[in-house]
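> pasting the sequence and the predicted model now:
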Protein chains: 2
Amino acid sequence: MPRTHKRKRFKKVVTRIPVSGQRMQMQDIANLAGVSTSTVSRALSHSSLVNDETRTRIAELARSHNYSINIGARNLRLQHSRTVAVVVPYDVRTRQHISDPFFVSMLGSLADALTEQGYDMLLSRVDAERLDLVAQLEASGRAIGVILIGQWHHHDQLNELANRKVPLVVWGARLPRQTYCTVGSDNITGGLLATQHLIETGRRRIAFFGDPELPEIGQRYEGYQRALKHHGIPLDARLVVAAEFSEGSSRRAVDALLEKKIVFDGVFASSDLLAMRAIGALREKGLIVPRDVGVVGYDDIELSQYFHPSLTTIRQPILKGGEALVNALLALVANKALSSEVLPTELVVRESSAPSPAPP
Amino acid sequence: MPRTHKRKRFKKVVTRIPVSGQRMQMQDIANLAGVSTSTVSRALSHSSLVNDETRTRIAELARSHNYSINIGARNLRLQHSRTVAVVVPYDVRTRQHISDPFFVSMLGSLADALTEQGYDMLLSRVDAERLDLVAQLEASGRAIGVILIGQWHHHDQLNELANRKVPLVVWGARLPRQTYCTVGSDNITGGLLATQHLIETGRRRIAFFGDPELPEIGQRYEGYQRALKHHGIPLDARLVVAAEFSEGSSRRAVDALLEKKIVFDGVFASSDLLAMRAIGALREKGLIVPRDVGVVGYDDIELSQYFHPSLTTIRQPILKGGEALVNALLALVANKALSSEVLPTELVVRESSAPSPAPP
DNA sequence: CCATTCGTTGCAATCGTGTGCAACAAACGA
DNA sequence: TCGTTTGTTGCACACGATTGCAACGAATGG
């Protein structure tokens, strides 16, 4: 650390000699402008305490020497990092979920919303079994709070984090006895709309693909049940297949149904990815969508419209979701009221659920 | 700022009174352990200068009060942020590219590689027209360097950044007269493999979808040309359609070919997304893939295997790519040699290019 | 002519941590 | 017994910025 020694020798020296290649700092600009660092600081933060002429001169100097203020030092002084951590839980075994296109779009939406508010975004993958580590992101001052994408089955750990007063907002389902704040879509209505649509297009034996143990999926399943009940269709437990997000799961789900000779004419898949894989598996078995089986997915990821057949699905409001997550976190940090938020969902009708032509 | 005032009054006080709700800091741990902050600092950084018994006692105290060290302050002192900025250029008009699944997978791979090396990842979207702003990420000390995903047509701006000594590594093509460092896949060989494969499966009139003005695409196009030449197939400029990444582009490309009655039996699309859209557009026109037209994509995104027909494509080494980008940046920051890197690509054969059955 | 106000600037303390140097006790050797 | 070494710890300053307070000249008012 050569500079350390230099500074020591001169001790009370005011005129810092900018070593070439060394990063510019406020003192350098101050020297160039013939003022103190106080004035430079005030000028660059548009304080009204500084003369207009001085301000513009300093601003000009700063720009022409492409000086930019040291964020770390400023944050330390201001006790504020203007940074939000976005965490994607990471399952060491499957590694599957960060690649879910839905989460990814959410990432983009978050990036926009945060930029809009002038915040930086720190992206972390955290081992899902060590979710307690996210507390460090805030405790270490790296970020003012955490947005977690992917509730999964970590309800208890998330509650514990919230109880430890970690500023935390989760994308997911609102659950009973939850102390953390969630933002999510209306999964029950979503499930209901999807199932209802399949019923209205003439299906009666509708399978559900997804793991109802996961909160969000559970609520979609709830909507599925309500729709069936409303139309007087009895629930057949054999039609509920706990397909996960992992790769071969949909295929196995379809296989299981077919092998047991369980008849079905509709599938409500709890994500678009699952739906696409299911359609592929069905096709392998010689079943054509939508002629033999109507399929509805969930998420409305970008590829759903290019898929063949294009996918009927429940659109989650990604843009609004990102904004809502950010707003919720900022409110939480500011100690404002922390009510969880449920955003509306919408049915998007495409080819995969087209009514099968009436049998001749 | 209540604490500021408190501290002022007591001035030389050593025993900081931890206000409830206030964040723990090193001084608090020091008080609890009855030592100075120096010792705590050394203990937590595993310095050999501290007694073993003292170290474990301090470590225990820190853990039980879940104290974690203030990263900002440490970074300021150490003059090092252990953070890498990952930038995705952002086209205000199209907004399209961050959603490309390939970039997204790269993001995941980068997150892994950085975590592995103990670095944080700062994710930014930057207006593609203001790429000069990425210099600030480093100049402000937010990050030690920048990894940029998406070279696009910004060659000159990137060169300028590199000339300004901004530590920068770009995912993209290696170009002549380039002063910045790139990591990318072997696009020429990729394009060659793809085209060769279409030729070997019996196609002769092979269209190219993509904008050869973009460096990576241009190199894939170069490979396309070489393959044609090698097999003695004349290049037909009308078969080259500068489809962009935006939505309707593939459709228009297909429409353009068909309207002009230009015959073709193969398509090499310069990305999987483009390929999928092209297949959809072909289907709308009554052309079946692979029977009437063989299609090969590029990237091997996850969905390619679930698409129908499953997509023959050129796999880009995403995992290795992320590692290579990170290694390159770290080397660059350490002033090591900065050679651009070209990673091998691989042909993945699936259904979309299956040889059409010999006409009876 | 002096007191006061106003506009502008600088001094110095501060944010939380790391580390060179000195201090100090215990152990050791002569 | 005393100097030297060794192991452990604390003091004080530095990292690069912000800001309360004081200072100071000019303008203003009485």
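Right, received. Where do you want to start? Numbering: from 1, shown residues only, chains lettered A, B, ... in the order given.

> the helix or strand encompassing A:Arg252 near chain B at all?
If you go by DSSP states H and E, A:Arg252 is part of helix A:249-259. No - with CB under 8 Å from any CB of the partner chain as the criterion, chain B is not reached by helix A:249-259; the gap is at least 8.8 Å. Backbone N, C-alpha and C define where each C-beta goes, glycine included.

> the helix or strand just after that helix: how far from the chain's middle?
Per DSSP H and E, the first helix or strand lying C-terminal to helix A:249-259 is strand A:266-269. Remark: strand A:266-269 is offset 25 Å from the chain centroid, using CA atoms, centre = their mean, to the nearest Å.

> next, the contact list for the closest residue in space to A:Val166 that isn't next to it in sequence, please.
Closest residue in space to A:Val166, ignoring its immediate chain neighbours: A:Ala135 at 4.8 Å, by CB to CB, 6 or more residues apart in numbering or on different chains. Residues near A:Ala135 by CB atoms under 8 Å, 6 or more residues apart in numbering or on different chains: A:Leu161, A:Arg164, A:Val166, B:Asn66.

> quick check: the farthest pair among those?
A:Leu161 and B:Asn66 (11.4 Å; CB to CB).

> which residue is the nearest non-sequential neighbour of A:Arg277?
A:Ser250 (3.6 Å).

> neighbours around the one you found, how many?
By other CB atoms under 10 Å in any protein chain shown, the residues close to A:Ser250 number 28.

> now do the helices in the stretch 51-200 of chain A.
A:52-64, A:71-78, A:101-116, A:134-139, A:155-163, A:187-200 (DSSP state H, counting those that start in this stretch).

> mind putting the ones you listed in TSV, distance to DNA strand D included?
Listed next are the helices of the stretch 51-200 of chain A as TSV, based on distance: least, CB to the nearest atom of the strand, whole Å:
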stretch	distance to DNA strand D
helix A:52-64	10
helix A:71-78	3
helix A:101-116	20
helix A:134-139	20
helix A:155-163	30
helix A:187-200	44
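
> re earlier: hmm, the residue nearest to A:Arg277 is touching A:Asp272, no?
No - at 11.6 Å, A:Ser250 does not count as touching A:Asp272 under the criterion of CB atoms under 8 Å.

> flag the shaky bits of chain A, pLDDT-wise.
Judged by pLDDT under 70, chain A has its weakly predicted residues at A:1-21, A:93-99, A:245-248, A:357-360.

> can you list the residues of it near DNA strand C?
Residues of chain A lying near DNA strand C by CB under 7 Å from any atom of the strand: A:14, A:34-39, A:42, A:49-52, A:54, A:73, A:76-77, A:79.

> can you flag the buried ones in the residues you listed?
By neighbour count, with 16 or more other CB atoms under 10 Å in any protein chain shown, the residues of chain A next to DNA strand C hold A:Val35, A:Thr37, A:Thr39, A:Arg42, A:Val50, A:Thr54, A:Ala73, A:Leu76 as buried.

> ok, which of those also contact chain B?
Applying CB under 8 Å from any CB to those, those adjacent to chain B are A:Ala73, A:Leu76.

> using CSV, please lay out the buried ones among the residues of chain A next to DNA strand C together with distance to B:Pro309.
Shown next, in CSV, are these (distance: CB to CB, whole Å):
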residue, distance to B:Pro309
A:Val35, 70
A:Thr37, 66
A:Thr39, 68
A:Arg42, 65
A:Val50, 67
A:Thr54, 69
A:Ala73, 57
A:Leu76, 57
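
> re earlier: quick check: neighbours shared by A:Ser250 and A:Asp272?
Common neighbours of A:Ser250 and A:Asp272 (CB under 8 Å, 6+ apart) do not exist.

> quick one, helices of the stretch 201-350 of chain A?
A:215-230, A:249-259, A:272-284, A:318-333.

> pick the most buried one from those helices.
helix A:272-284 (a mean of 23; mean count of other CB atoms under 10 Å in any protein chain shown).

> excluding chain neighbours, what is closest to A:Glu160?
In space, A:Glu160 is closest to A:Asp132, 7.4 Å off (CB to CB, 6+ apart).

> not counting residues beside it along the chain, what's closest to A:Val104?
Nearest to A:Val104 is B:Val104, by CB to CB, 6+ apart, at 4.5 Å.

> I'd say that neighbour and A:Pro101 touch.
Yes - at 7.5 Å, B:Val104 counts as touching A:Pro101 under the criterion of CB under 8 Å.

> about what we covered before: can you tell which of the helices of the stretch 51-200 of chain A is closest to A:Val170?
Using CB to CB, the helices of the stretch 51-200 of chain A put helix A:155-163 closest to A:Val170, at 6.0 Å.

> list the buried residues for that closest one?
Neighbour-count burial for helix A:155-163 [16+ other CB under 10 Å]: A:His155, A:Gln157, A:Leu158, A:Glu160, A:Leu161, A:Ala162.

> not counting that helix itself, show me its contacts.
A:131-132, A:134-135, A:148, A:151, A:168, A:170, A:175, A:177-181, A:215.

> ok so, going back, who's more crowded, B:Val104 and A:Pro101?
It is B:Val104, of B:Val104 and A:Pro101, that has more neighbours when counted by other CB under 10 Å, with 24 against 21.

> tell me how far that one lies from A:Met106.
11 Å (CB to CB, to the nearest Å).

> same thing with A:Glu259?
36 Å.

> the contacts of helix A:155-163 in strands, which ones?
A:Leu148, A:Leu168, A:Val170, A:Cys181 (DSSP state E).

> dig out what the last one forms beta bridges with.
Just to be clear, that refers to A:Cys181. As for beta bridges, A:Cys181 partners with A:Val169 under DSSP bridges.

> give me every residue that touches A:Ile147.
With CB under 8 Å, 6+ apart, A:Ile147 has these contacts: A:Val84, A:Ala85, A:Val86, A:Val87, A:Leu110, A:Leu168, A:Val169, A:Val170, A:Trp171, A:Leu325, A:Val326, A:Leu329.

> now do 10 Å
Counting by CB atoms under 10 Å, 6 or more residues apart in numbering or on different chains, A:Ile147 touches A:84-88, A:106-107, A:110, A:113-114, A:121, A:167-171, A:183, A:322, A:325-326, A:328-329.
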